[in-house]
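1. sequence first, then the predicted structure:
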Amino acid sequence: MFRLFPQLHDYRHRKAGVMSGGEQQMLSIARSLLTCPKLLLLDEPHEGLAPKIAEEVVDAIVALKREGVSMIVSEQALNTIRRCADRVYVIDRGMMVWNGSVDGFYADPEITRKYLMVQ
């Protein structure tokens, strides 16, 4: 886990409650991975984090993807979707309204405009 989140090594003797939000998010992901999950669920993993820390969390997700970790990532940030996703599922009011490849998602500007409020 220290290879994935090297900064956690410096804080390995700290209690989680005194860590920053970003450090806590990294710790949460690392702790989840220690259980060797078949599927990792991440809900807006960089929401509310400082930009530098958010980028580190997304880099870790990309690294996990390269290692073959199966993940479902709930996300609205287009850059994160582009970097992390293989497939996109758009859910509105509990119903799947679109699904397809990342390329197909970006090829349909109506989807991003309507559901992510991006012009």
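-> Perfect, thanks for sending it.
2. tell me the pLDDT of residue 8.
-> In this model, residue 8 is scored at 81, pLDDT.
3. can you show me the strands along the protein?
-> 40-43, 71-74, 87-92, 95-101 (DSSP state E).
4. quick one: mean pLDDT for the third one?
-> Meaning strand 87-92. 91.
5. and it, which residues are buried?
-> The neighbour-count check on strand 87-92 (16 or more other CB atoms under 10 Å) flags 88, 90 as buried. Yep, even glycine has a C-beta here, placed from its N, CA and C like the rest.
6. list the strands paired with it, with their directions.
-> strand 95-101 (antiparallel) (DSSP bridges).
7. contacts for the partner strand?
-> 86-91, 105, 108, 111, 115 (CB atoms under 8 Å, 6 or more residues apart in numbering).
8. OK, contacts around residue 111?
-> 90, 98, 105.
9. how does the protein divide into domains?
-> Structural domains assigned to the chain are 1-85, 86-119, following automatic domain parsing.
10. let me see the backbone angles for the residue nearest the centre of the chain.
-> Closest to where the C-alpha atoms of the chain average out (CA atoms, centre = their mean) is residue 45, at 4.4 Å. Main-chain torsions, residue 45, degrees, to the nearest 10: phi -60, psi -20.
11. residues contacting it?
-> Contacts of residue 45 (CB under 8 Å, 6+ apart): 25, 29, 57-58, 61, 73, 75.
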